[in-house]
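**Q** predicted coordinates and the sequence they were generated for:
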Amino acid sequence: MHPVLFEYGPLQIRFYGLMYVIAIVVGTYLIKAEARRKALGIKDDDITGLVVWAVISGILGARIYYVIFNWDYYSLYPREIPAIWHGGLAIHGGLIGGVVSAWYYLKRRGISFWRMADCSAPAIILGQAFGRFGNFMNGDAHGTPTTMPWGMVFPPQSIAGSEYPGIPIHPTMLYEMAINLGIFAFLWFYLRKRTYRDGFVFAVYIVMYSTGRFFVEFFRADSLMLGPLRTAQVVSLALVVIVLAIVINKRLWEGDSL
């Protein structure tokens, strides 16, 4: 558990950044493969452009979201605002930024947003799994102390280790990584091969991830708070309710496109 994979003089390759690179490369490949399988007629260059803009907007959205909910700290240390290598990217903010950017990008090119959302859902959740491994090596997105046999002691120089020195804690980043990999397997190996209305696969991704995140939050030590409530749990519950209402109203599970 060390944030730096390789260091040579001033050059550093960090696990956190490397996981993002791997997620982008693998995710782009999966999206292109799925778009070809569905014969959407979308150019590879358009998909590459979509990924680039969605990633940039997603990172900005994730950081802005995190900074807003930690403004008491960042107002005192404004130089830390751009330091994403220290951790501090909120997935819900990333989804907002990425989705808005993707919608605008696809609309300008006359490409169906919901079809591309379905193609992208497995790649997104797989990318989140890679990201959680980066959190694990970075020692952030960590849990509370535990007496369970799988509790882990993080190095004292990490965020988790400095908060709980020498104390076993829940490796919540690994919990979420396992959940995300399970969701990816379900979407990629089962759900995507069947026919549903446009948007159903993406809706299932949102509901499954939000449900998993809701339960993982009970063990998190660094949750963003909305008053006395955990922000991620509030947002996750709201997303589940809203998305399920849309699925039922639009009957998205039926086997034809809108």
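**A** Thanks, I have it.
**Q** so where's the chain shaky on pLDDT?
**A** 1, 85, 87, 256-258 (pLDDT under 70).
**Q** all strands for it, in order.
**A** With DSSP state E, the ranges of strands along the chain come out as 4-8, 11-14, 225-226, 229-230.
**Q** in CSV, list these along with distance to Tyr77.
**A** C-beta here means a position set from N, CA and C on the backbone, and glycine is covered the same way. CSV is the format used below for these (distance: least, CB to CB, whole Å):
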stretch, distance to Tyr77
strand 4-8, 22
strand 11-14, 20
strand 225-226, 19
strand 229-230, 24
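**Q** quick one, which of the ones you listed is nearest to Gly151?
**A** Nearest to Gly151 among the strands of the chain is strand 229-230; the distance by CB to CB comes to 20.9 Å.
**Q** so what touches that closest one?
**A** Contact with strand 229-230 is made by Glu217, Arg220, Ser223, Leu224, as judged by CB atoms under 8 Å, 6 or more residues apart in numbering.
**Q** turn the residues you listed into TSV, columns for neighbour count.
**A** Listed next are the contacts of strand 229-230 as TSV, based on neighbours: other CB atoms under 10 Å:
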residue	neighbour count
Glu217	18
Arg220	21
Ser223	19
Leu224	20
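**Q** now, which of those sits nearest Asn70?
**A** Minimum distance to Asn70 across those is 7.0 Å, recorded for Leu224 (CB to CB).
**Q** hmm, back to that, from the contacts of strand 229-230, pick the one nearest Gly151.
**A** Arg220 (14.3 Å).
**Q** roughly how far apart are that closest one and Phe200?
**A** 30 Å (CB to CB, to the nearest Å).
**Q** now Ile248
**A** The value you get for Ile248 to Phe200, if CB to CB is used, is 12 Å.
**Q** give me the more crowded residue out of these two.
**A** Phe200 (25 against 10; other CB atoms under 10 Å).
**Q** OK, contacts around that one?
**A** Contacts of Phe200 (CB under 8 Å, 6+ apart): Asp118, Val247, Leu252, Trp253.
**Q** quick one, what contacts the closest residue to Glu80 other than its chain neighbours?
**A** Among residues not flanking Glu80 along the chain, Tyr74 sits closest, at 6.1 Å (CB to CB, 6 or more residues apart in numbering). Listed by CB under 8 Å, 6+ apart, the contact partners of Tyr74 are Val67, Glu80, Ile81.
**Q** which of those count as buried?
**A** Neighbour-count burial (16 or more other CB atoms under 10 Å) applied to the contacts of Tyr74 gives Val67, Ile81.
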